[in-house]
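Chemist: pasting the structure only:
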């Protein structure tokens, strides 16, 4: 019987649920390097690839790991993701469940919906307000959001501006989810700091098309459907470049 190895990507509630599922599966090994979204690279598991790569009795699954800097992907490696070129796929939790023939509970289905399409996706499958608030809080905690981050989000929102129909929030925080959750429902939202920015909401597909080369090069990413998110990888652009991207995002949303 084959051994199944899972390499976990950036920590959030979905990733923790995948870890829990696979820890309970026979013949499975889960490697968790405690990565954030910004450093979720396959290269961080190079030692595992070196030991188990191309082994006939092993299948390796990378969960939402960027493959930048890897010269040769092992033949027994499988990528599970639902961002960028994989954005049409189900959530990673659903893909894992299908791969290993696992039936998801209602809560797990809500976790999958939250990760794939945020609050609107949870509402679509009948989540109550209590369930939504509970899952969003747990997701923020899984991402490493602290009480300081929560308070920072509130102070950042106080100074929000509206630029050509887009809510714009400049923050010193490294976690944007507490800001998004407090401003929901929104149509167009842009949050940024000195090292990254993320756009959420209407017009995302048009923006994704415009920035396709930056996405292809690994400097930007997107997901969450037609009204999901488009963001820059942390540190991929200078302050000046980020401000230029911010300006272009707002201009394109006028069209």
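Modeler: Okay, I see it. Treat the numbers as computed from the prediction; the structure is a model and nothing was measured. Numbers count the residues shown, from 1 in each chain.

Chemist: When you work out contacts or count neighbours from here on, use the C-alpha atoms and nothing else.
Modeler: OK.

Chemist: How many neighbouring residues does the closest residue to residue 57 other than its chain neighbours have?
Modeler: Nearest residue to residue 57, sequence neighbours excluded (Cα to Cα, 6 or more residues apart in numbering): residue 2, at 4.8 Å. Using other Cα atoms under 10 Å, residue 2 has 11 neighbouring residues.

Chemist: OK, contacts around residue 232?
Modeler: Contacts here follow Cα atoms under 8 Å, 6 or more residues apart in numbering; on that basis residue 232 touches 196, 197, 198, 219, 220, 221.

Chemist: Now residue 24: phi and psi?
Modeler: phi -90, psi 0 (degrees, to the nearest 10).

Chemist: same question, the one 5 residues further on
Modeler: Here the main-chain torsion angles of residue 29 (degrees, to the nearest 10) amount to phi -120, psi 130.

Chemist: just checking, residue 196 touches residue 234?
Modeler: Yes. Using Cα atoms under 8 Å, residue 196 makes contact with residue 234 at a distance of 4.9 Å.

Chemist: Of these two, which one has the most company?
Modeler: Neighbour count, other Cα under 10 Å: between residue 196 and residue 234, residue 196 has more, with 21 against 18.

Chemist: quick one: contacts for the more buried one?
Modeler: Contacts for residue 196 (Cα under 8 Å, 6+ apart) come out as 231, 232, 233, 234, 235, 236, 237, 242.

Chemist: May I ask which helix or strand encompasses the first one?
Modeler: Element membership for residue 231, per DSSP states H and E: strand 229-232.

Chemist: and that strand, how far out from the chain's middle?
Modeler: Averaged C-alpha coordinates place strand 229-232 at 10 Å from its chain's average position (Cα atoms, centre = their mean, to the nearest Å).

Chemist: re earlier: dump the contacts of residue 196 into CSV; add distance to residue 84 and pLDDT as well.
Modeler: Shown next, in CSV, are the contacts of residue 196 (distance: Cα to Cα, whole Å; pLDDT from 0 to 100):
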residue, distance to residue 84, pLDDT
231, 11, 96
232, 12, 96
233, 13, 91
234, 16, 89
235, 19, 90
236, 16, 92
237, 19, 96
242, 20, 96
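
Chemist: Pull out the buried residues from those residues.
Modeler: Buried by 16 or more other Cα atoms under 10 Å: 231, 232, 233, 234, 236, 237, 242, out of these.

Chemist: Include distance to residue 27 when you put these into TSV, please.
Modeler: Below are the buried ones among the contacts of residue 196 laid out as TSV (distance: Cα to Cα, whole Å):
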residue	distance to residue 27
231	37
232	37
233	35
234	36
236	38
237	42
242	45
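
Chemist: hang on, residue 49 packs against residue 72?
Modeler: No. Under the criterion of Cα under 8 Å, residue 49 makes no contact with residue 72, lying 10.0 Å away.

Chemist: Of the two, which one has the most company?
Modeler: residue 49 (19 against 7).

Chemist: Contacts only, for that one.
Modeler: Contact partners of residue 49, counting by Cα under 8 Å, 6+ apart, are residue 74.

Chemist: Check the gap between it and residue 80 for me.
Modeler: Going from residue 49 to residue 80 by Cα to Cα, to the nearest Å gives 16 Å.

Chemist: ok, the residue nearest the centre of the chain to residue 90 distance?
Modeler: With distances taken as Cα atoms, centre = their mean, the chain has residue 37 as the residue nearest its mean C-alpha position (6.6 Å). Taking Cα to Cα as the measure, residue 37 falls 19 Å from residue 90.

Chemist: Same question for the longest helix along the chain: list its buried residues.
Modeler: Longest helix in the chain by number of residues, with DSSP state H as the criterion: helix 106-124. Judged by neighbour count using 16+ other Cα under 10 Å, the buried positions of helix 106-124 are 108-123.
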